[in-house]
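A.B. asks: My questions concern the predicted model and sequence given below.
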Amino acid sequence: MRVILCYFGRSWLIGMAQALFMKGYRYVAITVLRMRKWAVPATALAILCVPSMMTVSGHWGVRAESSNAIQDSRSLLGSYLSGRHARSSRDNHTAAGYYKQALNRDPGNQTILRQAFILELSAGNWMRANRLARKIAKFDGGHRIAHLFLALSSFKEGKLGEAEANLEKASVGPIGQLTGALLQAWIKQARGDTKAAYASLDRLKKIEWTKFYRQYHHALIADVAGQTEVAGREYSRIFRKEPGTLRVALAYARHLASQGKIKRAKSVVSQHYKSSSVQHPMARDLMESLEKKEQGSLLIGSANFGVAEVFYGLGEALSNDDSLDVGLIYLQLALYIQPEFPLALAALANVYEMTKQNERAIQTYAQIDKVTPISLNAQIRRAYNLNLLDRVEEAKGVLEDLIKEYPNEIRPLDALGNIMRSHKRYEEAVVYYDRAIGLIKKPSRRHWSHYYSRGVSYERLKNWAAAEDDLELALKLNGDEPKILNYLGYSWVDQNIKLKRAMSLIRKAVKLKPDDGYYVDSLGWAYYRLGNYKAAVKYLERAVELRSDDPVINDHLGDAMWRVNRRLEARFQWQQSLALGPEKADIPKIKRKLLSGLPEPKRARVTKKRRRAEKRSPNAVEKNDFQPFSQF
């Protein structure tokens with residue numbers, strides 16, 4: 001088929017979307033429809049028209065590829081759509097490859113050029129990002145990210161004047177103004193002009209929400225400049241307001257230690273411990289150094305590290321659902337300046353976890369130097385990501401090596417127990433939990449999860465006596481943890497024992513997390529088991545509202561509705577449960593209920609055995625059961 005020059009007209013795009021949809025390419029069709037907003041003749045993209053997009057076999061050649069295989073699309077549109085699809089899944093590396101293909105076919109297309117640049121930047125492809133940024137700067141003087149990257153490129157080359165000029169063009173919008181002012185300050189400090197650096201920071205004085213960053217970097221710059229009194233004053237001021245912020249605590253304590261004020265430095269770390277929910281490995285490592293009376297060095301010792309700190313601090317703060325793409329770029333830029341920055345690598349790996357790019361998370365965690373305090377945590381997270389890819393034995397191997405390397409550490413033992421439990425290998429899980437608990441000298445609140453996890457494993461092994469002991473101890477250690485309240489309470493209801501206390505525990509779990517569909521389901525199902533079907537329907541309807549995609553909750557609601565004579569609705573809920581993919585053992589039971597309904601309940605005894613799959617949140621190995629990223 002000859003190549004035909006076409007324009008993206010709206011009616012043409014709609015027709016193409018319909019054709020794609022009929023072929024089964026639903027997501028690609030949706031992507032085409034979204035292109036209508038810029039479907040005007042001015043774009044004048046040269047594309048291969050519909051017939052030429054087909055392969056020899058007659059199928060469309062626009063399927064999204066995996067991150068491991070970027071196939072050469074037969075057309076500009078094929079490359080563009082494949083890139084859009086990969087980008088919608090936040091697989092930036094794959095998307096960048098497809099956009100590169102599209103740009104090769106239409107090098108002058110400014111729309112594709114801008115998008116390709118952002119993707120190359122997000123993927124950390126620096127050489128190509130640099131080339132594209134320079135092209136963009138020639139026709140778009142207002143492209144903030146392109147000028148920001150060019151400023152950093154110039155800074156790395158020591159061309160500070162060029163860096164400042166590009167930063168002026170990049171300092172647009174709230175985040176742009178903050179980033180620009182902080183970077184200008186560090187560039188001026190790189191020139192040795194500390195007074196001018198402070199003046200750059202003062203540009204932020206009228207913007208109240210930037211106060212923390214302004215004061216923090218003021219203190220860091222003063223430290224680098226040798227102005228210890230100014231630095232100490234600024235650190236003290238920030239620390240009083242933010243004692244739980246890790247970087248502030250580390251910078252202040254290391255500032256004090258560098259002057260030989262070891263006792264005060266230890267006091268800062270101790271205050272940080274009290275204000276923080278976890279003892280960060282870097283804080284623990286610093287405290288160990290202080291115990292040895294080691295003075296150490298400053299947290300930030302040069303302008304180069306200061307610039308990386310700007311991007312790390314803002315990147316981590318922006319790495320949430322609302323601004324994840326910007327956060328990712330900032331973390332990559334921190335690594336552009338300091339490629340071995342351990343916290344930036346850990347934060348980047350966490351972004352990959354959030355976007356389900358587990359292979360990239362594994363690769364990123366592997367880059368963290370083993371001598372850093374967060375190395376153990378990084379390797380544990382690496383194992384969890386291997387597990388998420390069903391590479392269980394690899395994950396087990398990583399953790400077994402860590403257990404040998406760190407024989408007195410609970411975390412790798414607990415992690416391996418969690419992974420075994422997630423695969424219903426409960427006997428193995430108990431072995432690792434036993435070893436972990438054996439390292440605990442005196443159980444405290446922070447140890448509740450180990451007893452809870454072992455208790456769950458014992459319960460699944462039908463060793464209720466041992467399970468109850470562990471769950472009761474976990475509850476004693478942390479009486480406000482919804483997981484324990486729910487699991488122990490539900491287990492008692494399931495066995496028709498200690499009902500009054502069981503209901504009290506479940507109600508408390510729901511009160512603590514009223515919007516958790518699993519806990520609300522537990523309360524509703526408890527009422528059902530006690531024969532209070534009206535109350536059961538009330539709570540189970542709420543649970544389905546919260547977790548409409550859960551087959552067990554829908555099944556529970558069907559049972560309760562049947563008991564209150566809402567038979568048609570009951571069958572609908574059972575049908576929903578089947579459609580949502582319940583466990584194989586539950587399928588024949590649900591089908592029997594659809595055919596014949598429920599038998600009359602027997603009085604004073606439980607007739608239906610609970611089958612709450614461990615994959616479900618209250619009883620499952622949840623993401624929260626794993627080593628939290630906040631440990632980094």
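C.D. replies: Alright, I've got the coordinates. These figures come from a predicted structure and were not determined experimentally.

A.B. asks: Over to Gly581: give its phi and psi.
C.D. replies: When read as degrees, to the nearest 10, the backbone of Gly581 gives phi 80, psi 70.

A.B. asks: Apologies, that question was intended for Asp390.
C.D. replies: The phi/psi pair for Asp390 (degrees, to the nearest 10) is phi 60, psi 30.

A.B. asks: could you list every residue that touches it?
C.D. replies: Under the criterion of C-beta atoms under 8 Å, 6 or more residues apart in numbering, Asp390 has no contact partners. Placement of C-beta: from N, CA and C, glycine included.

A.B. asks: Go ahead and produce CSV holding the CA coordinates of the host helix or strand of Asn385.
C.D. replies: Taking DSSP states H and E as the criterion, Asn385 maps to helix 375-388. Below are the C-alpha coordinates for helix 375-388, written out as CSV (Å, rounded to 0.1, in the frame of the first residue of the first chain):
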residue,chain,number,x,y,z
SER,A,375,21.2,-1.1,51.9
LEU,A,376,19.4,-3.8,54.0
ASN,A,377,16.0,-2.2,53.4
ALA,A,378,16.7,-1.8,49.7
GLN,A,379,17.5,-5.5,49.4
ILE,A,380,14.4,-6.5,51.3
ARG,A,381,12.3,-4.3,49.0
ARG,A,382,14.0,-5.9,46.0
ALA,A,383,12.9,-9.3,47.3
TYR,A,384,9.3,-8.1,47.7
ASN,A,385,9.3,-6.9,44.1
LEU,A,386,10.7,-10.3,42.9
ASN,A,387,7.9,-11.9,44.8
LEU,A,388,5.3,-9.6,43.1
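
A.B. asks: Tell me which helix or strand comes right after the longest helix seen in the chain.
C.D. replies: Ordering each helix of the chain by length in residues (DSSP state H) puts helix 173-190 first. For helix 173-190, the succeeding helix or strand toward the C-terminus, using DSSP H and E, is helix 194-202.

A.B. asks: what's the next helix or strand after that following helix in contact with?
C.D. replies: On the C-terminal side of helix 194-202, the closest following helix or strand by DSSP H and E is helix 211-224. Applying C-beta under 8 Å, 6+ apart, the contact partners of helix 211-224 are 178, 181-182, 185-186, 189, 194, 197-198, 201, 204-205, 228, 230-231, 234-235, 237-238, 241-242, 247-248, 251-252, 255, 298-303, 306, 309-310, 313-314.

A.B. asks: if you set the cut-off to 7 Å instead, what comes out?
C.D. replies: 178, 182, 185, 189, 194, 197-198, 201, 204, 230-231, 234-235, 237-238, 242, 248, 251, 255, 298, 300-303, 306, 309, 313 (C-beta atoms under 7 Å, 6 or more residues apart in numbering).

A.B. asks: Just the buried ones from these?
C.D. replies: Taking 16 or more other C-beta atoms under 10 Å as the criterion, what is buried in those is 178, 182, 185, 189, 194, 197-198, 201, 204, 230-231, 234-235, 238, 242, 248, 251, 255, 298, 300, 303, 306, 309, 313.

A.B. asks: hmm, back to that, what about the longest helix of the chain, distance to the chain center?
C.D. replies: Offset of helix 173-190 from its chain centre (C-alpha atoms, centre = their mean, to the nearest Å): 27 Å.

A.B. asks: Show me where the stretch 251-400 of the chain has its helices.
C.D. replies: 262-275, 281-291, 303-318, 324-337, 342-354, 358-366, 375-388, 392-405 (DSSP state H, counting those that start in this stretch).

A.B. asks: Reformat those as TSV; add mean pLDDT and distance to Leu530.
C.D. replies: Converted to TSV, these look like this (pLDDT from 0 to 100; distance: least, C-beta to C-beta, whole Å):
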stretch	mean pLDDT	distance to Leu530
helix 262-275	96	44
helix 281-291	95	47
helix 303-318	96	47
helix 324-337	95	45
helix 342-354	96	40
helix 358-366	96	42
helix 375-388	97	38
helix 392-405	97	39
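
A.B. asks: right, so of those, which gets closest to Tyr426?
C.D. replies: helix 392-405 (14.6 Å; C-beta to C-beta).

A.B. asks: how far off helix 358-366 does the closest one point, in degrees?
C.D. replies: On the basis of axes from the mean of the first three to the mean of the last three C-alpha atoms, to 10 degrees, helix 392-405 is oriented at 20 degrees to helix 358-366.

A.B. asks: tell me which residues of helix 392-405 are tucked away?
C.D. replies: The neighbour-count check on helix 392-405 (16+ other C-beta under 10 Å) flags 392, 395-396, 398-399, 402-403 as buried.

A.B. asks: any idea which of those residues is the one closest to Asp494?
C.D. replies: Nearest to Asp494 among the buried residues of helix 392-405, with distances taken as C-beta to C-beta, is Val392, at 29.3 Å.

A.B. asks: contacting residues around the closest one?
C.D. replies: Counting by C-beta under 7 Å, 6+ apart, Val392 has contacts 419, 423.

A.B. asks: Run the chain-centre distance for the strand or helix carrying Asp469.
C.D. replies: According to DSSP H and E, Asp469 maps onto helix 464-477. Remark: helix 464-477 is offset 31 Å from the chain centroid, using C-alpha atoms, centre = their mean.

A.B. asks: How about the residue nearest to the spatial centre of the chain: what's its closest non-neighbour residue?
C.D. replies: Centroid-nearest residue in the chain: Met354, 3.0 Å away (criterion: C-alpha atoms, centre = their mean). For Met354, ignoring the flanking residues on the chain, the nearest one in space by C-beta to C-beta, 6 or more residues apart in numbering is Leu324 at 6.9 Å.

A.B. asks: how many neighbours does that neighbour have?
C.D. replies: Neighbours of Leu324 under the rule other C-beta atoms under 10 Å: 15.

A.B. asks: Could you measure from it over to Gln363?
C.D. replies: Distance of Leu324 to Gln363, given as C-beta to C-beta, to the nearest Å: 19 Å.

A.B. asks: Going by distance to Lys292, which of the buried residues of helix 392-405 wins?
C.D. replies: Nearest member of these to Lys292, counting by C-beta to C-beta, is Leu402, at 24.9 Å.

A.B. asks: Wasn't Gly531 part of a strand?
C.D. replies: No: assessed with DSSP: H, G, I helix; E, B strand; the rest coil, Gly531 is coil; it does not lie in a strand.

A.B. asks: Give me the distance between it and Ala560.
C.D. replies: 11 Å.

A.B. asks: Between these two, which has more neighbouring residues?
C.D. replies: Ala560 (27 against 12).

A.B. asks: For that one, give its distance to Pro281.
C.D. replies: Distance of Ala560 to Pro281, computed by C-beta to C-beta: 48 Å.

A.B. asks: and if you look at Gly124?
C.D. replies: 25 Å.

A.B. asks: more crowded one of these two?
C.D. replies: Gly124 (20 against 17).

A.B. asks: nearest spatial neighbour of that one, skipping sequence neighbours?
C.D. replies: Gln332 (4.9 Å).
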